[in-house]
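>>> Please find the sequence and the predicted model below.
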Amino acid sequence: MKRTVTLLFFLIAIPASYQTSPPGPSGSVVLDEFSFDKITSKFDVTLIKFDVAYPYGAKHDAYISLVQDAVDKDDLLIAEVGVKDYGDRDNEVLAQRFNVKKEDFPVVKLLIRGKEPINFDDSKAGFTSDSLRRFIRENTGIYLSLPGAVKELDAVANKFMKANNEDRKKLLEETESVMKTLSEKDKAYGKIYKVIMDKILEKGDQFAATEYARVGKILSGKVSEEKKKELSVKVNILQSFKLHDNKVGKEDL
């Protein structure tokens, strides 16, 4: 069930004595040990970053960039917990609860209602706003824009993976029709969607997953920045063919 719950509502609903953390920058919600369960329980999905009390740097900037792009996702909360190992030792209890150690900061976890927390691993694709988007999309099916991914074609890809082979051939035609309405840049991405569809028809449904893993492995190695951008686009589009299995729905509540 979708809820549009504003930060203002939270600040009113939480007793003043609990409001120990200020709103985060650029739309993120800063939680503490008093407000954490009260607020996260309102959402099907929460992405939470455990970090120092006053975070900065490239990783924090990447996280804030994601926040700005996800403000219209009613069932997704993107929040932060600042942990202090001095003074009142704010939120150390929360860090211990989620088995987070300060030497690992920042630590990002995905909380899906009714499931165990999922750790974000930045050792392969790095800690970027794009890798965070892929992490959310892959585990929840929540749509977040990514370089190369075209929303109209993602919708066709979703239908394609659910259809039988006969209907898939019709969806190839639908893909071509959609491409005619796109910008030149998105038409180029559309050709990649079409190639993937042809390969799935030829090799079977497993192609999207195996190709996603193969390209992801290449990305985790040493490649030029230009090649990395090219492969990242392909990974993003391939992921669109995997999302149909990962929808967060009522069965997950």
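All right, it came through fine. Numbering: from 1, shown residues only.
>>> tell me the pLDDT at residue 123?
For residue 123, the model assigns a pLDDT of 88.
>>> can you pull the contacts of it?
Under the criterion of CB atoms under 8 Å, 6 or more residues apart in numbering, residue 123 has no neighbours. Quick note: C-beta positions are derived from backbone N, CA and C, even for glycine.
>>> and the residue nearest to the spatial centre of the chain, what is it in contact with?
Using CA atoms, centre = their mean, the residue of the chain that lies closest to the mean C-alpha position is residue 136, 2.4 Å off. Neighbouring residues of residue 136 by CB under 8 Å, 6+ apart: 45, 47, 76, 110, 142, 144.
>>> Which of those residues fall within strands?
Of those, the ones assigned to strands by DSSP state E are 45, 47, 76, 110.
>>> From residue 47, how far out is the residue nearest to residue 144 when sequence neighbours are not counted?
Leaving aside its sequence neighbours, residue 144 sits nearest to residue 133 (CB to CB, 6 or more residues apart in numbering; 4.3 Å). Distance from residue 133 to residue 47, counting by CB to CB, to the nearest Å: 10 Å.
>>> Could you tell me which residues touch both of the two?
The contact sets of residue 133 and residue 47 overlap at residue 66 (CB under 8 Å, 6+ apart).
>>> Which of the two has more residues huddled nearby?
Neighbour count, other CB atoms under 10 Å: between residue 133 and residue 47, residue 47 has more, with 27 against 23.
>>> Pairing partners for that one in the sheet, please.
Counting by DSSP bridges, residue 47 is bridged to residue 78, residue 110.
>>> Settle this for me: it is touching residue 76, isn't it.
Yes - using CB atoms under 8 Å as the test, residue 47 is close enough to residue 76 to be in contact (7.1 Å).
>>> circling back to that earlier point, and the next helix or strand past the helix or strand the residue nearest to residue 144 falls within?
Following DSSP states H and E, one finds residue 133 within helix 129-140. Once helix 129-140 ends, the next helix or strand along the chain (criterion: DSSP H and E) is helix 151-162.
>>> Please enumerate the strands of this protein.
With strands called from DSSP E, the chain shows them at 29-31, 45-52, 76-83, 107-112, 118-119.
>>> Among the ones you listed, which comes closest to residue 182?
Closest approach to residue 182 among the strands of the chain is made by strand 76-83 (26.6 Å; CB to CB).
>>> Identify all contacting residues around the closest one.
Residues contacting strand 76-83 (CB under 8 Å, 6+ apart): 21, 24, 27-32, 36, 39-40, 42-55, 63, 66-67, 70, 90-92, 94-95, 100, 102, 105, 136, 140, 142.
>>> And for stretch 103-121?
40, 43-52, 55, 59-60, 63, 83, 98, 100-101, 122, 127, 132, 135-136, 139-140, 248, 252-253.
>>> Out of those residues, which end up buried?
Buried residues within the contacts of stretch 103-121, defined by neighbour count using 16 or more other CB atoms under 10 Å: 40, 43-51, 55, 59-60, 63, 83, 100, 122, 127, 132, 135-136, 139-140, 248.
>>> In the contacts of residue 136, find the pair that's most separated.
Maximum distance among the contacts of residue 136 (CB to CB): 12.6 Å, for 110 and 144.
>>> Identify the structural domains in this structure and state their residue ranges.
7-140, 151-252 (automatic domain parsing).
>>> weakest of those domains by average pLDDT?
domain 7-140 (a mean of 86).
>>> For the closest residue to residue 146 other than its chain neighbours, grab the count of nearby residues.
Among residues not flanking residue 146 along the chain, residue 236 sits closest, at 4.0 Å (CB to CB, 6+ apart). Neighbour count of residue 236, defined by other CB under 10 Å: 23.
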